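Engineer: output the structure for:
(one chain, ligands or ions: 1)
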Amino acid sequence: MSFYVTTPIYYVNAAPHLGHAYSTIAADVMARHMRQRGEDVFFLTGTDEHGEPVALAAEREGLTPQELVDRNAPRFVDLMPRLNVSNDFFIRTSDAEHMAKVQEILGRIRDNGHVYEGIYEGWYCPRCADFKTDAEAGDDNLCPIHKTPLTREKEDNYFFRLSAFQDDLLRLLDEQPEFVMPRHRYNEARSFIESGLQDVSLSRSTFTWGVPVPWDEKHVFYVWFDALLNYYTALSYAREGEDLTERFWPAQFHLIGKDILKFHAVFWPAMLLAAGLPLPEHVFVHGFLLIGKDKMGKSAGNAIDPFAIMDEYGTDALRFYLMREVSFGHDGSVSLEGFRARYETELANDLGNLASRTIAMVHRYRDGVVPDAQLDPDLAAEIDGLEGEVRALLDRADLTGAADAIWLRVRRLNRYVEERAPWQLAKDEARAGDLDSVLASLAEALRVVAVLLYPWIPESSAKLLQALGAPQLELASARVQAGRLGAIAKLDQLFPKH
Ligand code: MSP
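Structural biologist: Next up is the predicted model:
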């Protein structure tokens with residue numbers, strides 16, 4: 001089966017912050033898990049480089065827009081390996097191949113009769129690159145998101161006949177109740193559509209930094225139409241000489257933040273319908289990382305510096321924290337104190353200690369060889385179903401539920417160590433068989449947990465599996481099996497205390 005997952009493409013005129021890392025790591029967890037299953041995976045991320053905000057920022061800095069994006073895009077490109085993110089391609093919407101494909105698809109939408117020429121007059125927020133209704137502008141004409149003044153725009157535009165898709169979109173939501181996930185976001189999308197759809201601007205004619213409209217070169221496409229199409233265009237040129245569209249389109253999951261729901265749950269399916277292209281299976285909407293009660297963003301962006309955390313604690317620690325701390329699909333606060341607390345309790349204590357104790361005991365009591373003994377049937381039963389559970393949860397992008405399910409077992413294993421107290425068994429020669437079984441059960445369960453945790457903490461998990469002498473990462477290997485382990489290596493602290 002093929003599995004195609006995407007992140008939003010990031011605006012290049014801001015520096016990468018934790019919010020960007022969040023979407024990307026979440027997609028990486030899904031991609032890595034699906035690869036473990038043996039699926040044919042494609043994972044896309046990239047940068048959104050056109051539009052008025054970029055043109056304005058370039059002007060302020062005395063650069064051309066192209067110079068500005070060429071300077072800033074590498075910050076995002078370089079972020080990916082730094083986060084240990086395994087994207088298969090990085091799209092930049094200034095790529096010539098993307099631009100040509102956008103012209104082709106939007107040309108098709110026009111040929112299909114969904115585009116007309118008109119005059120747009122209304123409120124516009126240059127920072128959102130989005131038009132606002134009178135209701136959103138309110139009495140003081142401020143952007144509801146940025147609280148900055150809106151501008152009054154009047155210009156020749158091409159319009160996309162979004163209003164014509166109202167019934168189709170409602171039918172889509174009826175037929176595919178998981179098109180938008182989680183449920184509260186589905187409801188939000190539905191009520192937005194039910195409240196009535198207006199046609200939207202497809203082009204702008206007051207600036208030139210964008211994909212030229214092929215049938216009227218005075219216009220460039222409105223940046224959102226150009227940007228949304230990245231999910232589709234990338235497949236056509238990600239691999240030289242190969243078109244991956246047939247193999248991967250439609251996408252299984254678009255992961256997005258809640259602020260861009262309207263574009264993905266309304267505009268995007270309407271565009272695809274207008275172009276006669278198949279629709280993605282799911283748009284999964286996650287919440288915001290908050291600093292206190294405020295959205296973490298450009299201004300509050302440095303409250304937690306992802307790079308400083310990774311330098312000090314390692315990439316896995318940051319990945320793990322973000323995925324554990326903020327329930328996927330909801331808002332959640334993040335803080336340095338919260339990070340340190342979770343690092344200590346969960347990574348250093350729960351998992352780190354379990355791994356070092358288990359490995360140390362095998363060395364101390366059995367000369368570094370996991371005994372080929374019968375496994376404790378109760379413990380084995382508690383661990384053996386885990387792989388199926390995680391599979392089912394990740395099918396629904398329930399990243400939080402899956403991590404919870406695994407962590408329950410990590411804690412269970414720590415309790416098992418306390419209950420069975422191998423150091424007591426070791427004192428009594430008559431209990432040697434019991435000790436064999438306890439050590440074999442612990443080591444095998446630890447191995448299973450490490451395989452399942454791989455998408456969240458790939459480096460540490462691989463290190464642990466290496467030490468256990470069982471480097472297999474395939475999900476199928478996450479089934480409990482006696483006698484699988486033999487000689488094991490020593491292991492340095494996975495998560496040293498700070
Ligand atoms: N360029 C558009 C997306 C186009 S997709 C075809 C855009 N870019 S963005 O850089 O502003 O935001 C990208 C993503 O980062 C969005 O999904 C947004 O929700 C997410 N985040 C930005 N700040 C965030 C938090 N504080 N918390 C979680 N995610 C946040 O929108």
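Engineer: check what pLDDT residue 301 gets.
Structural biologist: On pLDDT, residue 301 comes in at 52.
Engineer: ok, residue 433 - how many residues close by?
Structural biologist: 12 (other Cβ atoms under 10 Å). Glycine gets a C-beta too; all of them are placed from N, C-alpha and C.
Engineer: please tell me how far residue 114 sits from residue 431.
Structural biologist: Plainly put, residue 114 is 76 Å away from residue 431 if you go by Cβ to Cβ, to the nearest Å.
Engineer: residue 30 now?
Structural biologist: Applying Cβ to Cβ to residue 30 and residue 431 gives a distance of 45 Å.
Engineer: more neighbours, these two?
Structural biologist: Using other Cβ under 10 Å as the criterion, residue 30 and residue 431 rank with residue 30 on top: 23 against 15.
Engineer: per-residue confidence averaged over stretch 44-58?
Structural biologist: Averaging pLDDT along stretch 44-58 yields 95.
Engineer: just stretch 22-34 next, same as before
Structural biologist: The average pLDDT within stretch 22-34 is 98.
Engineer: gap between that stretch and the chain center?
Structural biologist: 5 Å (Cα atoms, centre = their mean, to the nearest Å).
Engineer: the nearest residue to residue 474 once chain neighbours are set aside and the ligand, how far apart?
Structural biologist: If the residues on either side of it in the chain are set aside, residue 474 comes closest to residue 36, at 5.9 Å by Cβ to Cβ, 6 or more residues apart in numbering. Applying Cβ to the nearest ligand atom, to the nearest Å, the value for residue 36 to the ligand is 26 Å.
Engineer: model confidence score at the residue in the chain positioned nearest to the ligand, please.
Structural biologist: Closest contact between the chain and the ligand, by Cβ to the nearest ligand atom, is at residue 257 (1.7 Å). With respect to pLDDT, residue 257 scores 98.
Engineer: enumerate every residue touching it.
Structural biologist: 8, 19, 23, 285, 286, 287, 288 (Cβ atoms under 8 Å, 6 or more residues apart in numbering).
Engineer: now do residue 152
Structural biologist: Contact partners of residue 152, counting by Cβ under 8 Å, 6+ apart, are 121, 122, 123, 124.
Engineer: re earlier: now the contacts of residue 257 in JSON lines, with secondary structure and neighbour count?
Structural biologist: Output for those, formatted as JSON lines (DSSP: H, G, I helix; E, B strand; the rest coil; neighbours: other Cβ atoms under 10 Å):
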{"residue": "8", "secondary structure": "strand", "neighbour count": "24"}
{"residue": "19", "secondary structure": "helix", "neighbour count": "25"}
{"residue": "23", "secondary structure": "helix", "neighbour count": "19"}
{"residue": "285", "secondary structure": "strand", "neighbour count": "26"}
{"residue": "286", "secondary structure": "strand", "neighbour count": "25"}
{"residue": "287", "secondary structure": "coil", "neighbour count": "19"}
{"residue": "288", "secondary structure": "coil", "neighbour count": "20"}
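Engineer: quick one: least confident of the residues you listed?
Structural biologist: residue 19 (92).
Engineer: quick one: low-confidence parts of the chain?
Structural biologist: Scanning the chain with the threshold set as pLDDT under 70 gives 298-303.
Engineer: mind doing that once more with 50?
Structural biologist: Within the chain, no stretch has pLDDT under 50.
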